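A.B. asks: A predicted structure for the sequence below; I have some questions about it.
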Amino acid sequence: MTEKTVKAKPRGAYRHGDLRNALLEAALDLARDGGPDAVVLREVTRRAGVVPNAAYRHFASHHNLVQAVRSAIIARMAWSIEDELGKVDMTVPEADVAKASLRAVGAGYMKFALDEPGLFRTAFRIRDEVNWLPAPEKAGHTGLNPFQLLGLALDRYVEAGLMPAEARPGAEFLAWSTVHGMSLLTLDGPMAGLTAAQRHGLQERLLLMVERGLSMPVATKAKR
């Protein structure tokens, strides 16, 4: 992918409090164009128009910078999901709202992956040693990260009687891994060459498969 041309701003152009955001935006641009390996501190400071040492006033290390980048990406992913959730018709029956909400979470997740492949790859290449789920901190406009938004959709699924309560524990991981796998196959796998119409059709079928799978009772061990 061709890297965007971003002119470095003159040094000293940032007022107090602006440099951190300038550094973060420069790092996000690098991640957007080149993925996680492109987030190099020296290039970040060059684009921001400051000397490398200036970054340490705001980020104690390169690790701190990439963690901030990851948090910012997760927030943008949450916004994508919230945009889809905002389209759900809340006047229809509870079961229909629950189904539409779950589909919206998956659709928003996959849309972000396709719209921002560099950011998507970066979010899951940077490991959070404290909590490996998608961002323990607040993220979206609602203050919830993608994993929490999925959890709420699944809670609604149970409340609407669409999923047995005993199937609720761990359901996030099943739904998440399915949608994440589709996203990766579409970005970097054998599905990369599909047309937009083909991708959309398969995504719709995938979300329907997730719905039906969640509605099934938990399988019990067969008696010997």
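C.D. replies: Great, that's in hand. These numbers come from a predicted model, not from an experiment.

A.B. asks: On the three-state scheme, Gly161 is what?
C.D. replies: Assigned with DSSP: H, G, I helix; E, B strand; the rest coil, Gly161 falls in the coil class.

A.B. asks: Quick one: residues contacting it.
C.D. replies: Going by CB atoms under 8 Å, 6 or more residues apart in numbering, Gly161 touches Ala95. (C-beta placed from N, C-alpha, C; glycine too.)

A.B. asks: Need phi/psi at it.
C.D. replies: Backbone torsions for Gly161, taken as degrees, to the nearest 10, come to phi 80, psi 20.

A.B. asks: and what of Gly140?
C.D. replies: According to degrees, to the nearest 10, Gly140 has phi -80, psi -170.

A.B. asks: Just give the closest residue to it, not the sequence neighbours.
C.D. replies: Leaving out its chain neighbours, the residue that sits closest to Gly140 by CB to CB, 6 or more residues apart in numbering is Ala78, at 2.9 Å.

A.B. asks: Met209 - how many residues pack around it?
C.D. replies: 11 (other CB atoms under 10 Å).

A.B. asks: Quick check: nearest residue in space to it, chain neighbours excluded?
C.D. replies: Thr178 (7.6 Å).

A.B. asks: wait, isn't that neighbour in contact with Leu206?
C.D. replies: Yes: between Thr178 and Leu206 there is a contact under CB atoms under 8 Å: 6.6 Å.

A.B. asks: gap between the longest helix along the chain and the chain center?
C.D. replies: Longest helix in the chain by number of residues (criterion: DSSP state H): helix 62-85. Helix 62-85 sits 6 Å away from the centroid of its parent chain (CA atoms, centre = their mean, to the nearest Å).

A.B. asks: next structured bit after that helix?
C.D. replies: Remark: after helix 62-85, the chain's next helix or strand is helix 94-115, criterion DSSP states H and E.

A.B. asks: Next up, the contacts around the residue nearest to Gly140.
C.D. replies: 139-142, 144-146, 149.

A.B. asks: Mind telling me what element Tyr47 is part of?
C.D. replies: No, residue 47 isn't Tyr; it's Arg. Using DSSP H and E, the element containing Arg47 is helix 41-48.

A.B. asks: Summarise which helices and strands that helix is packed against.
C.D. replies: Judged by 3 or more CB pairs under 8 Å, 6 or more residues apart in numbering; DSSP states H and E, helix 41-48 is in contact with helix 19-34, helix 62-85.

A.B. asks: Now the spatially most central residue of the chain. Nearest residue, chain neighbours left out?
C.D. replies: By CA atoms, centre = their mean, the chain has its centre lying nearest to Met77, at 3.8 Å. Closest residue in space to Met77, ignoring its immediate chain neighbours: Phe112 at 4.8 Å, by CB to CB, 6+ apart.
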